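> Any chance you could fold what I've pasted below:
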Amino acid sequence: MRQLGAALLAIAFAAIAGSARAAEPFEIAAILSMTGPGAFIGAAEAQTLSVIEARTNAAGGLHGRAIHFHVWDDQSSPQISVQIANQLIAARVAAFLGPTIPATCLAIQPLVEKNGPLMYCLNPSIHPASGSYAFSAGEDSADVAAVILRYLKGRGLTRIASLHATDASGADLARAFDAAFAMPEMRSLSQVAQERFNPTDVSVSAQIARIKAANPQALLTWTAGTPLGTVLRGAHDGSLTIPIVTSGGNMNLEQVRQYASFLPPELLFSAQIAWTPGNVGPGPIRDAQRDYAGAIRAAGYQPDAGYTIAWDPAHAYLDAFRKLGLGATADQMRTYISGLRGWIGIDGVYDFRGVPQRGLDQNAAQVMAWEPKTGDFVAVSKRGGLQLR
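Take a look at the predicted model:
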């Protein structure tokens, strides 16, 4: 009888322990740049995840269990990103979101691409091999370059200069633009000056002087955050008044407003269609965008580029766990996301079979401009870079 009582007591304690574990939120890890040079994007990504978390839990969570996005701050440092990734690998997590910037994504990619866990880099500047455990948010940099040049060509701006950063993102887009200029449809365009600068430089006056001497009609500059301010100030001080095109990662309202005193007459951005919610025609994409924009505004934020980046990847993960269960493995997660076709997100219709590791192509890309009169970003091209008018 005593043995039976002890057994029943053990079963009861096990049930209580199991119930306590079930009551704990199901955690999904996210490695983000909460501090350091990428913080202006990483902070918005974290706020987006908090909005998704609250909405999901209000709707009952996943399989009756609340969720929690556990954010790890890599301080925009590749070394710290690797340390965090190794901890997650040791903990045998199935998947994590992030990192935020190209350098940290590139640092982690070799650790996960062959054996997992699943990594969904919240940046388009890495190029994972088809079938790997690494995914990249947004369209490929080759698509970005083609869309921008198509837009400039449509405006009759054929003499193009570049001033790209020497970091991973700048080097990646420099290669992408070289390839885009070689496309038959871009035959009428010419690169009249190609300059580089270190993101830590405090002045680019010499580069701007050489660019101005080449008499370009537009300037491409691939960098994000504080270094963009260095380029814009240099162009202003050097009286370079041509349109300047830069990364959509700079579409941060607070950041652009800080640069108001030295902005060029035209500041253009590569962008994804979600960055102007509602500009697509009626249908499920516009419905998804309006749902997103409403949720972000209801949380007290103003939608800009940083808030969109994590939205679709986070929902893809939630859909995978919803379908596969909370015990899904990295291999099951990879198989599920790799097989998505016709999946609707705020950036369009995803097809991971046709566009492995991304799901998006040029149809998700457009060109946008800063509009000082309204203090906001506006679309100036159709999808793919064709002129609006």
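
> quick one: low-confidence ranges for the protein?
For the chain, the stretches flagged by pLDDT under 70 are 1-22, 277-279, 389.

> Show me where it has its strands.
Taking DSSP state E as the criterion, the chain carries its strands at 26-32, 67-73, 95-97, 118-121, 134-136, 159-165, 190-197, 218-221, 244-246, 267-272, 341-345, 348-351, 365-371, 376-379.

> I'd like these written out as CSV, with mean neighbour count added.
(Each C-beta comes from the backbone N, C-alpha and C, glycine too.) Shown next, in CSV, are the strands of the chain (neighbours: other Cβ atoms under 10 Å):
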stretch, mean neighbour count
strand 26-32, 22
strand 67-73, 19
strand 95-97, 26
strand 118-121, 26
strand 134-136, 25
strand 159-165, 24
strand 190-197, 17
strand 218-221, 25
strand 244-246, 24
strand 267-272, 25
strand 341-345, 16
strand 348-351, 20
strand 365-371, 23
strand 376-379, 17
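
> I'd like to know which of the ones you listed lies nearest to residue 305.
Residue 305 lies closest to strand 267-272 among those, at 7.1 Å (Cβ to Cβ).

> where do the helices sit along the protein?
2-23, 39-58, 78-90, 102-112, 141-154, 168-181, 205-213, 226-237, 253-258, 284-298, 305-309, 311-324, 330-338 (DSSP state H).

> what's the closest non-adjacent residue to residue 174?
Once flanking residues are discounted, residue 174 sits nearest to residue 164: 4.7 Å by Cβ to Cβ, 6 or more residues apart in numbering.

> again but with residue 302, I slipped
By the measure of Cβ to Cβ, 6+ apart, the closest residue to residue 302 outside its immediate chain neighbours is residue 253, 6.1 Å from it.

> ok, residue 203 to residue 99 distance?
29 Å (Cβ to Cβ, to the nearest Å).

> Can you tell me which of the helices of the chain is packed in deepest?
The highest mean neighbour count among those belongs to helix 305-309 (a mean of 27), with neighbours defined as mean count of other Cβ atoms under 10 Å.

> hey, C-alpha coordinates of that one in CSV?
Taking C-alpha atoms only, helix 305-309 is exported to CSV below (Å, rounded to 0.1, in the frame of the first residue of the first chain):
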residue,chain,number,x,y,z
ALA,A,305,11.4,49.8,-42.8
GLY,A,306,12.6,48.4,-39.5
TYR,A,307,9.2,47.2,-38.5
THR,A,308,8.5,45.2,-41.6
ILE,A,309,11.7,43.2,-41.8
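
> gap between it and the chain center?
Helix 305-309 has its C-alpha centroid displaced from the chain centroid by 7 Å (Cα atoms, centre = their mean, to the nearest Å).

> same question, stretch 256-267
In terms of Cα atoms, centre = their mean, the gap separating the centre of stretch 256-267 from the centre of its chain is 23 Å.

> Between the strands of the chain, which one is closest to residue 210.
strand 190-197 (6.2 Å).

> which helices and strands does the closest one pack with?
strand 159-165, helix 168-181, helix 205-213, helix 226-237 (3 or more Cβ pairs under 8 Å, 6 or more residues apart in numbering; DSSP states H and E).

> Please name the nearest non-neighbouring residue to residue 384.
The nearest residue in space to residue 384 (Cβ to Cβ, 6+ apart) is residue 362, at 4.8 Å.

> I should have written residue 94 there, sorry.
residue 330 (4.8 Å).

> swap in residue 351?
Using Cβ to Cβ, 6+ apart and skipping residues adjacent in sequence, the residue nearest residue 351 is residue 341, 4.9 Å away.

> With residue 95 as the reference, measure out to that neighbour.
20 Å.

> The nearest residue in space to residue 314 that is not next to it in sequence and residue 330, how far apart?
Nearest non-adjacent residue to residue 314, counting by Cβ to Cβ, 6+ apart: residue 52, 5.2 Å away. If you measure residue 52 against residue 330 using Cβ to Cβ, the figure is 21 Å.
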